[in-house]
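just to be clear, the model below is a prediction. Sequence and coordinates:
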Amino acid sequence: MNGLIYKKHIPVKRFGQNFLKNKIIINKILQQMYLKNIDNFIEIGPGLGALTFPICNVVNKITVLEIDENIVFFLLQSKYNKKMQIILTDVMKFDFQYFFSLHENILYRLVGNLPYSISTCLLINLIQYNSYILDMNFMFQKEVACRLLAIPGSKEYGKISILAQYFYKIIPICDIDKCNFFPSPKIDSVFLRFIPYRIHNQKQINRYFFALELITRIAFQHRRKFLNKNISKLFSQQTLLKCDIHPFSRAEDVSVYQYYLLAKNFLKLYF
């Protein structure tokens, strides 16, 4: 049992706790984030403060979302507790829309070493709050990072690639070997930065997010089928050609911009 203890804490597997322990990598991440004391941070899963505490050395306040009561107690005992607004919550149930609506004139920076089991679903949820976010800085397992950065025509390219790349510029910060975590996961990680494209107001973002999510979900449901069969209930062949998409293309062959054109047509047709 003692071998499972890290800084007097036993990592909880169901919470996906893998704590980053390499200070060189931590410093590299923080340097690339260009911290300012006026930054408004939300950290998802602060863990034992690997990123939280150095951020607290710079910023005036940080909101942390944590599901583990033991870690909340640990954070409350730290010298930075007055800088932290600690919310005990399951981030998958947290009402970001309500939280952001309480602070409409604030742009938030999000940061976190995301639990692998929820990273994709959580990111899809957060993407739609583009207008409230200054940037997002997240750790992903390498497989998910490859999907987020994937280009058309590759096997990794899919729904999450299109949603993320349409709303955000995605910048790889660093690759992180699994040995730099405790306990060590089975796969390496990548730290990514997401910078929003300010292309719509929040109402438009909601509409385009809904349209893109629906279209890509249907298109990639049977990714080896031709689009003229896959999304025939949404678009005619004439509409596909109008968007410069060959009807016998597959979902993975269509660019992010072409999916945007489909979303634009969808919103004109149905809304």
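Yes, it's here.

residue 221 sits in which helix or strand?
Secondary structure assigned from DSSP states H and E places residue 221 in neither a helix nor a strand.

actually residue 120, sorry about that
Using DSSP H and E, residue 120 falls within helix 119-127.

do residue 31 as well
The secondary structure element spanning residue 31 is helix 23-33 (assigned by DSSP H and E).

what residue in the protein is the furthest from its centre?
The outermost residue of the chain, judged against the average C-alpha position, is residue 238 (34.9 Å), by C-alpha atoms, centre = their mean.

surely residue 19 and residue 26 touch.
No - in this structure, residue 19 sits apart from residue 26 without contact. The criterion is C-beta atoms under 8 Å, and the distance is 10.8 Å. C-beta here means a position set from N, CA and C on the backbone, and glycine is covered the same way.

hey, what's in contact with both of the two?
Counting by C-beta atoms under 8 Å, 6 or more residues apart in numbering, the residues touching both residue 19 and residue 26 are residue 50.

and the pLDDT for residue 209?
According to the per-residue confidence, residue 209 scores 96 in pLDDT.

revised request: answer the last question for residue 44.
At residue 44 the predicted local distance difference test score is 97.

if I look at it, how far off is residue 260?
28 Å (C-beta to C-beta, to the nearest Å).

those two: which is more packed in?
residue 44 (24 against 18; other C-beta atoms under 10 Å).

other SSEs contacting the helix holding residue 31?
Taking 3 or more C-beta pairs under 8 Å, 6 or more residues apart in numbering; DSSP states H and E as contact, the helices and strands that helix 23-33 lies on are helix 52-56, strand 168-176, strand 189-196.

just put the ones you listed in CSV and tack on mean pLDDT.
CSV is the format used below for the helices and strands packed on helix 23-33 (pLDDT from 0 to 100):
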stretch, mean pLDDT
helix 52-56, 97
strand 168-176, 97
strand 189-196, 97
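
out of those, which gets nearest to residue 254?
Residue 254 sits nearest to strand 168-176 of all the helices and strands packed on helix 23-33, at 18.6 Å, using C-beta to C-beta.

can you list the strands that the closest one pairs with?
Each strand pairing with strand 168-176, determined using DSSP bridges, is listed with its direction: strand 189-196 (antiparallel).

immediately after the strand it pairs with, which helix or strand?
helix 202-219.

now that following helix - C-alpha only, CSV.
Extracted C-alpha coordinates of helix 202-219, given in CSV (Å, rounded to 0.1, in the frame of the first residue of the first chain):
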residue,chain,number,x,y,z
GLN,A,202,-22.2,33.4,-28.2
LYS,A,203,-25.6,33.0,-29.8
GLN,A,204,-24.1,32.2,-33.2
ILE,A,205,-21.6,29.8,-31.5
ASN,A,206,-24.4,27.9,-30.0
ARG,A,207,-26.1,27.5,-33.4
TYR,A,208,-22.9,26.5,-35.2
PHE,A,209,-21.9,24.2,-32.5
PHE,A,210,-25.3,22.4,-32.6
ALA,A,211,-25.1,22.1,-36.4
LEU,A,212,-21.5,20.9,-36.6
GLU,A,213,-22.0,18.4,-33.8
LEU,A,214,-25.1,17.0,-35.4
ILE,A,215,-23.6,16.8,-39.0
THR,A,216,-20.2,15.3,-37.9
ARG,A,217,-21.9,12.8,-35.5
ILE,A,218,-24.0,11.5,-38.4
ALA,A,219,-21.2,11.7,-41.0
